[in-house]
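Trainee: Here is a sequence with its predicted model. Questions after.
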Amino acid sequence: MTGRRPGARSRALVALVAGCVVIAGLVLPSGGMLDRAEALAIEARLRLGGAQPAPADVVLVSVDEVDLQAAGGWPLDRRHLAKLVSALDRAGAKTIVLDTLLVERHVGVGSGDAPLAAAIAAHGAVLLPIGIRDQAGDAELPEGLARFAIVAGPNAVPAVPRGSAVPPPPMLRAAAAALAPSVLERPDAGDTPVVPAAVAIGAHMVPTLAVEAVRIHRGATPAALWFDSDRGALLDGVPLAPAAAGRYRLRAYGPPGTIPTLRARDVLGREANLAGSLTIIGIDAPAAGERFATAFAASVSGGEMVATAVANLLDGRTLRRPSPRSALGLGLVAMA
């Protein structure tokens, strides 16, 4: 999908914003108004360029309100999730990311934990999120999580513990290929969310969901992943994407749907060809999860943003912070 060529009004707007950034960069200290001006320049640049193609192997499977009601409402029945994972397995998805917390234990007759664990184990490369409590973390990770801790590189500064982990039930935890916290931070300036490369849980640095998804998809071992306080996550010594202070500012590819998206009911209702894909299962319904804004849309689901984060890290194209010189160049190009 590509955007239409912008008109003179759009180019003039970008030129104006870029000029403001140049002036602000010369007279204002970093932070506050300058950060906001830079964020406006970045987002204006994205809108000017229009929608850009996302990596072809990233697919979002959206569980919307219709799917939720068909499955019995919220929270989503885990037996329904099991059918969805099995359908993606048959479709050839190489890596599957579940972007919905499964922290409660479901046991007894008709429980969904057993079929979901069986479907996850049968696929072999399913990543589950963990929750984080806003309280001081324990010194050690819960049983089964320590093997996913990230190695701190020589430039890593010990982070303040973010909280304590809330993992999935043991049955699901044992079946998953990996566990990771799903963290989307709202920025101080601008709309586009920010994703840290790793978070501190107790005494350990743990890679976030998008970082761990890329590692699994590329077939790397946990030991190949390092954390640097400035450059973010490094896989086999190579940074995944441009980062600032260990965080990635996400680059939206366009409005919702720019990343290839399938409805859950369509995946279940027909045979799909998702061979080799990294597929994210996300919830897109008012009852579930936060909404986010990007340069292209005022309301985007968390699943869409996780898919964006994964795609950004796969193609190494997160947003960079513009300097006044680059903002001036943007303004000149816009006026041309």
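Mentor: Now that the structure is in, tell me what you want to look at. Here the structure is a predicted model, which is why all the values come from computation and not from measurement.

Trainee: mind listing the strands for the stretch 101-250 of the chain?
Mentor: For the stretch 101-250 of the chain, the strands defined by DSSP state E, counting those that start in this stretch occupy 126-133, 151-152, 164-166, 178-181, 194-196, 198-201, 204-207, 225-228, 232-235, 238-239, 247-249.

Trainee: any idea which of the ones you listed scores lowest on pLDDT?
Mentor: Lowest mean pLDDT of the strands of the stretch 101-250 of the chain: strand 151-152, a mean of 59.

Trainee: and the gap between residue 112 and residue 118?
Mentor: 11 Å (C-beta to C-beta, to the nearest Å). Any C-beta I mention is one placed from the backbone N, CA and C, and that applies to glycine too.

Trainee: How confident was the prediction at residue 3?
Mentor: pLDDT, read off for residue 3, is 43.

Trainee: Ok, residue 100 next?
Mentor: Reported pLDDT for residue 100: 91.

Trainee: List the residues that contact it.
Mentor: 76, 81, 129, 281-283, 288-289 (C-beta atoms under 8 Å, 6 or more residues apart in numbering).

Trainee: try residue 305
Mentor: 184, 193, 250, 292, 294.

Trainee: Residue 232 against residue 246, yeah?
Mentor: Yes. Residue 232 is within contact range of residue 246, at 5.2 Å (criterion: C-beta atoms under 8 Å).

Trainee: Quick check: neighbours shared by the two?
Mentor: Shared contacts of residue 232 and residue 246, counting by C-beta under 8 Å, 6+ apart, come down to residue 197.

Trainee: Between these two, which has more neighbouring residues?
Mentor: residue 232 (27 against 21; other C-beta atoms under 10 Å).

Trainee: Any idea what the more buried one is bridged to?
Mentor: Beta-bridge partners recorded for residue 232 (DSSP bridges): residue 228.

Trainee: Setting the sequence-adjacent residues aside, check what's closest to residue 301.
Mentor: residue 284 (4.1 Å; C-beta to C-beta, 6 or more residues apart in numbering).

Trainee: where does that neighbour land in three-state SS?
Mentor: strand (DSSP: H, G, I helix; E, B strand; the rest coil).

Trainee: element containing residue 273, please.
Mentor: Assigned by DSSP states H and E, residue 273 belongs to no helix or strand.

Trainee: That one against residue 91, yeah?
Mentor: Yes. Contact criterion C-beta under 8 Å: residue 273 and residue 91 qualify, at 6.4 Å.

Trainee: so where's the stretch 101-250 of the chain uncertain?
Mentor: 105-110, 134-163, 187-191 (pLDDT under 70).

Trainee: Now for the nearest residue to residue 212 once chain neighbours are set aside: which residues touch it?
Mentor: Excluding its sequence neighbours, the residue lying closest to residue 212 (C-beta to C-beta, 6+ apart) is residue 180, at 4.0 Å. Listed by C-beta under 8 Å, 6+ apart, the contact partners of residue 180 are 127-130, 148, 206-209, 211-213.

Trainee: Residue 175 and residue 77, how far apart?
Mentor: Distance from residue 175 to residue 77, by C-beta to C-beta: 18 Å.

Trainee: Can you tell me which of the contacts of residue 305 is nearest residue 258?
Mentor: residue 294 (10.2 Å; C-beta to C-beta).

Trainee: Enumerate every residue touching the closest one.
Mentor: So residue 294 contacts 43, 191-192, 250, 252, 300, 305, 308 (C-beta under 8 Å, 6+ apart).

Trainee: Just put the strands of the stretch 101-250 of the chain in a markdown table and tack on distance to residue 260.
Mentor: Below are the strands of the stretch 101-250 of the chain laid out as a markdown table (distance: least, C-beta to C-beta, whole Å):
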| stretch | distance to residue 260 |
| --- | --- |
| strand 126-133 | 19 |
| strand 151-152 | 33 |
| strand 164-166 | 31 |
| strand 178-181 | 23 |
| strand 194-196 | 21 |
| strand 198-201 | 28 |
| strand 204-207 | 25 |
| strand 225-228 | 26 |
| strand 232-235 | 24 |
| strand 238-239 | 26 |
| strand 247-249 | 21 |
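
Trainee: who wins for proximity to residue 263 among those?
Mentor: Going by C-beta to C-beta, the one of the strands of the stretch 101-250 of the chain nearest residue 263 is strand 126-133, 20.0 Å.

Trainee: And for the closest one, what's in contact with it?
Mentor: 85, 95-103, 120, 145, 162-168, 172-173, 175-183, 199, 201, 209, 212-213, 216.

Trainee: For it, list the C-alpha coordinates in PDB.
Mentor: C-alpha atoms of strand 126-133 as PDB (Å, rounded to 0.1, in the frame of the first residue of the first chain):
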ATOM      1  CA  VAL A 126       5.000 -19.600  20.300                       C
ATOM      2  CA  LEU A 127       5.900 -16.600  22.500                       C
ATOM      3  CA  LEU A 128       3.700 -15.600  25.400                       C
ATOM      4  CA  PRO A 129       3.600 -12.300  27.300                       C
ATOM      5  CA  ILE A 130       4.100 -11.900  31.000                       C
ATOM      6  CA  GLY A 131       2.600  -9.200  33.100                       C
ATOM      7  CA  ILE A 132       4.400  -6.900  35.500                       C
ATOM      8  CA  ARG A 133       3.200  -5.700  38.900                       C
END
